[in-house]
Structures are given as C-alpha cells and as structure tokens.
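Trainee: Just the structure for this:
(4 chains)
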There are 2 protein chains.
Amino acid sequence: MDANLRDLFAFLAVVRAGGFREGARASGMSASRLSESVQRLETRLGVRLLHRTTRSVSPTEAGARLAERLFPALGEVEAALDVVNHDRARPAGTLKLNVPATVARLVLPAIVTPFLKTYPDIRLDVIVEDSYVDMLAAGCDAGIRYDERLEKDMIAVPIGPRIQRMATAAAPAYLETHGRPQHPRDLLAHACLRGQFASGTIPTWEFERDGDIVRVDPTGPLLVRLGAAVDLAVAAAVEGLGIIHLFEAWLQPHLDSGALEPVLEPWWQDFSGPYLYYSGRRHLPTPLRAFVDFVKAAEGDGS
Amino acid sequence: MDANLRDLFAFLAVVRAGGFREGARASGMSASRLSESVQRLETRLGVRLLHRTTRSVSPTEAGARLAERLFPALGEVEAALDVVNHDRARPAGTLKLNVPATVARLVLPAIVTPFLKTYPDIRLDVIVEDSYVDMLAAGCDAGIRYDERLEKDMIAVPIGPRIQRMATAAAPAYLETHGRPQHPRDLLAHACLRGQFASGTIPTWEFERDGDIVRVDPTGPLLVRLGAAVDLAVAAAVEGLGIIHLFEAWLQPHLDSGALEPVLEPWWQDFSGPYLYYSGRRHLPTPLRAFVDFVKAAEGDGS
DNA sequence: ACGGGCTGTACGGAATTTCGAACAATGGAT
DNA sequence: ATCCATTGTTCGAAATTCCGTACAGCCCGT
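Mentor: Numbers count the residues shown, from 1 in each chain, chains lettered A, B, ... in the order given. Predicted coordinates for the structure are as follows:
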C-alpha cells in the first residue's frame, strides 16, 4: 500500500474546498491533477472516498474518516519537514498571504520589499481578496484584515500604520462649482463617487466629530468595485467628477499635490490599522514565522 | 515545498537500516531509488540529510532531527490510510512476517492456508530468518520466535502447537550396528548430526528426565545450517549416517513410517511452542490485526 | 600492501505522473 | 422548458520517477 504524499494533499484540498476546481484554486494544483490523484488514491486503497456528481462533491463516510485522521497527520509531516528549514543558512519556502486590495496597495509595499531583501529564499504569494474568507480554507498561511474580529486560535499582530483615517475630498474645480459641504448631510446634494464590495454591499459613508457619528448614503455618477478599480474613482475625483471618500493614504499624494482638496476634515473618522492574522494552533511554517517576527520587529521599532 | 511520501519513507528506511542497500532490502525498494529519493529530498529541502561515504552512511544533524520527527508523523499517516481499510468489504494489504525456518515448515502451513482463504485480498510475505533480528528494523510487521523473551511494548500471542518436544532418533540400521544409547552421555560415543545457527553458534543437545537436565556436545560427520538445510540432515539420518536431534515434528513422518527409530525417548525435552510477536505501541496494520485475531481464534478453538 | 567484496551512485529504458485543453453532464436562471 | 455557465473527467504530450545494470570508491582481512 503505497500512496503519494501529493495525492493525499490533493485529496485533502478537495475535501476542504468542497470541490475539485475550487480545491485546485486554493492549493495551486491543476484540477486534472486533483481528479487523477483522488482516483489513484481510491484505486490504491480500494475504497471510494468522494461521492461526486459533476456539480458537487461530498466525502464518503470512509473519505470523511480518512480526511479527519489525515489532516493532523499531514500537519505533523509538514511540521517535520519544516524543522530542517531551520538548518538552512537562510529560511526558504513560500508564504501565501490573503489581503484586501487596500492593504496590498498601502501597507504591504513598505514591508514586503525589506522583508524579501532580508529573506531572499522566501517567495511571497499575495492573494488579493476583499471579501472576508477563511484563510486556511483558501490555502493561505495568513491574512491581513481591518476587522478586529477574534476567532478561536487566531493570533492577531498589528501591521502597518496603527491609525488610519477615512478622508473625503474633491477636485478644487468641483468644489468651486458645487460649493463646499459643511456637514456630512450636505453630501446628499452632491455627486459622490461610491465603492462596492465584491460581495455586492455598498458601504455607507461614516463620519465622526466629537463623538457624533453620522452615516450618509449619497449617490453619484460612479460606482466602482473596491479593489484595484479604486484608482479609477480617484482619477474621476481628480478630474472633478465628484466627491470621494476613501482611506486617507489613497488620496494622500493628490492632497499633497493639490489635485484634491480636503472636505469635511473635522469629520474624518479615525480607525485602527490592519492586523495580520494567522492560526496559532497549527505549526507555523518557517516563512510565516520569519514574516511575523519581521513585522513585530518593524512595529517595535516604532515604524 | 512538495515532497513525495515515498521519498520520505525511503529516507527513513535508509536511516533506520543504516545504509542504502540494507534499507533497500528491508523496505523492498531498489537501492537506486533510495539514493535518488534521498537526493531529491535534499534538493527540495535544501539541506544535506545524510553524510555518506561509499562505505557507510550517518545522518546529518538535520537528518537526525528530521527522522526523529518524521517517524511518528509517517506512522500517523499510515494509520490514517489504514483506517479506511476497515471500510473495505475484505481487508487488504501485505503482511510481512519474520519467522525461523522451523516455524515456516512446521507451524505456518496449517495456519496460512485457511488464513489466506479467509482473507483473499491479503498478501503474505514470509521472511525466513533464523537469527533473531529486530522485526521492525527488518521492515516486518511481526515475527514468530520460540524464545519467550519479553521486550518492551511487544505483545506475544501463542501460535501453533503449545507443546513441542525435541526428539532424538536414528535409522534402525544405524542402531543395529552401533547400539542403542541408554543415557544422553552415551551420545558422545556416537555419530551425531549437528546443526548450526546462521550466527555460527552450535546449540548443545539438551535432555531432561524427572527434572534432571543433561547437556551434551557430541560430534559427528555432518554439520548443517539450521534452516532449509535441515532436510539434508534428516535425509542423512534416514540413510543411517548417525543420530539426529530435532523438533519432533520434523521427524514425525519418518518415525511413523519406521524409517527412523526413537532414541532416548524418556529424555525428550518438552518446551513451549512459538509465539507471534508484534509491537503493541504502533498502530496495527489491518492485515496484522486480522492475522492476530485469526491466530487467537484458532488457538481458542483448541486447535 | 593489496585484493575482494561491499558500498553509494550514474545511466538508459520503461512506467508513472502532470499539465493544458477539450468534453459530457448538471443545476440554476431565464 | 431551455439556455449556459460551471463542474468533474478524459486525452495526448511532456516531465518526472523507477528499475536493473554498470561503475568508481572504500573498508577489512590477509
């Protein structure tokens, strides 16, 4: 009875992802490999592991039992293999991070470059995903999120600037024409450039001043997917199409250059910076360990 | 970082056996595979695992650490894989037994045939080895030995006939010519057909009567390796070359047919039958579990 | 000193595994 | 009912892995 480790990982990926193609996406293997791997396993073991229709896949009782036992066992193997990584002159491996677009753009660049220079044998795999997903299920080692939600066995490490603000701004030309809002409710009479999460929800604009919190839901000519498309909204704002409401860091360069003019600045709402999340229960792969230490050190430096 | 399970097993086999070719013998893989597997592992991990000269091989510090962590981890994986075996209609797999030649000849046939008929999908791999070896190190699931030695975490199950005797006999023609010994010490004046273990030791002949134990070390014209060559000694005894001293069961057919005549029968020493040994610490592979149950059931039947 | 037998490894051919693309089947939306 | 996007699978080519044999090197006994 000889089975291939890769086949076992493949099987587990399919079970955890609940599908072959999804499992392929999460684990970075090809879908055909997963299919063939599972078939091989079933042949070798002589037991059907996955009950599949072309549309969905659910584990057989045997498959469920196998997956349950296999998961910690393979974790042990991975841990054992990772132990020798410490004996390398320089830690190596791949670190798969799951981050929202904002972080990828505003937080990571300052960290990633020196990190990769410090650890030349570590490969970074950044998955940009704004909707909140279970990082482990997505096959990532860790994730970065703004929500300070505490899940069991999840460790959160502050990363990047600790205080960020939501900024509101518009092109001077726009403000000259349409006037400068003095209170958030004035925005309802303005052209506002809104964003939409991948999940479909359109976050309301939130303002705060002296403890007063005001939420407004203005309309406007442009609605962009939050993520990479944010640049489009910023460009539109610079062009004078309307008022934009975003992380201050996104707008900073244009505020500095004068292309955008702050609006309602006293109302800008502070909120805490993002956190790096990872599972403390499982053995930390060396690359993640290195990254966590790196981030903590940078934080301690008073970056 | 993807490693092949087979490579891991290969690495472990080399470490445990203390050599590539020995590891190949114990694990049933080819030596070249072991070499290539270890090289692959080292390349993938980027660490040298085995320090080797062409004559010997010792684990690197990293290799030792890996092996130590890997051994239980792979055991877990094997156990997990074996769990699904229970879901098969009929248990399957290979059972590797390490037995002395005597057992292979006198004890196993009566057990193996009905066992294999009961479990058609189980393959039996019988390694005949008279010298005592560590079964686990030899890559066997279990072993059968006469010595009732208790090692830690070893479980012993009686197997086969519980009482056996050492019989002494010779051809009638020989006894007519040379006379019939009346006491074990008389053997010193006879032509005795001796056996020798693979280790080189020549066991003395032991006799017992009413609590008196007598050991004699007679000489004779023939010395055979205990094992398959025993047939040669028996044939020689039948031909009248001298007196033979063996398990009664070996001689039984010739005693029945009259080709051999019992000698010193009151002195024949009883001793307990063999035991099936296996490690209780590790997870029992399904085929071994089946075999143990089968043996216990046969024993309980009062076979 | 020096063979002899053993070790670990390199090499070619055969088998297995992997990938990308195409395929048939299925379930939800229209 | 029907479309169509998506799923799991199949297929042939490319890469990897595996085996048996042959080689170079070392240890041990004489």
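Trainee: Skip the chain neighbours and tell me the closest residue to the residue nearest the centre of chain A.
Mentor: Using CA atoms, centre = their mean, the residue of chain A that lies closest to the mean C-alpha position is A:V99, 1.9 Å off. Nearest non-adjacent residue to A:V99, counting by CB to CB, 6 or more residues apart in numbering or on different chains: A:I144, 4.3 Å away. The C-beta positions use only the backbone N, C-alpha and C, and glycine is treated the same way.
Trainee: mean confidence score for the host helix or strand of the one you found?
Mentor: In the assignment (DSSP states H and E), A:I144 maps to strand A:142-145. Mean pLDDT, strand A:142-145: 88.
Trainee: List the buried residues in that strand.
Mentor: A:142-145 (16 or more other CB atoms under 10 Å in any protein chain shown).
Trainee: cool, stretch A:161-176 as well?
Mentor: For stretch A:161-176, by 16+ other CB under 10 Å, it's A:164, A:166-171, A:174-175.
Trainee: End to end on it, go ahead and measure it.
Mentor: Stretch A:161-176 has an end-to-end distance of 33 Å (CA to CA, to the nearest Å).
Trainee: just to revisit the earlier point, roughly how far does the residue nearest to A:V99 sit from A:G300?
Mentor: 18 Å (CB to CB, to the nearest Å).
Trainee: Same check on A:T53?
Mentor: Taking CB to CB, one finds A:T53 at 53 Å from A:G300.
Trainee: helix/strand/coil for A:R215?
Mentor: Recorded secondary structure, A:R215: strand (DSSP: H, G, I helix; E, B strand; the rest coil).
Trainee: how about the nearest residue to it, chain neighbours excluded?
Mentor: Using CB to CB, 6+ apart, the nearest residue to A:R215 is A:T204, at 4.6 Å.
Trainee: list the contacts for the one you found?
Mentor: With contact taken as CB atoms under 8 Å, 6 or more residues apart in numbering or on different chains, A:T204 is in contact with A:215-217.
Trainee: buried subset of these?
Mentor: For the contacts of A:T204, buried by 16+ other CB under 10 Å: A:V216.
Trainee: still on that earlier bit, just checking, the residue nearest to the centre of chain A touches A:V128?
Mentor: Yes: A:V99 lies in contact with A:V128 (CB atoms under 8 Å); the separation is 6.3 Å.
Trainee: Any stretches of chain A with poor pLDDT?
Mentor: Across chain A, the ranges flagged by pLDDT under 70 are A:1, A:131-138, A:150, A:198-199, A:228, A:302-303.
Trainee: hmm, the longest helix belonging to it touching DNA strand D?
Mentor: In chain A, taking DSSP state H as the definition, the longest helix is helix A:61-83. No: using CB under 7 Å from any atom of the strand, helix A:61-83 stays clear of DNA strand D, with a minimum separation of 12.3 Å.
Trainee: Is chain B within reach of that helix?
Mentor: Yes: contact of helix A:61-83 with chain B (CB under 8 Å from any CB of the partner chain) involves A:61-63, A:65-66, A:69-70, A:72-74, A:76-77, A:79-83.
Trainee: Show me which of those residues are buried.
Mentor: A:62-63, A:65-66, A:69-70, A:73-74, A:76-77, A:79-83.
Trainee: tell me which residues in stretch A:110-118 are buried?
Mentor: Buried residues in stretch A:110-118 (16+ other CB under 10 Å): A:111-112, A:115.
Trainee: on that earlier part again, from A:R21, how far out is the residue nearest to A:V99?
Mentor: A:I144 is 26 Å from A:R21, by CB to CB.
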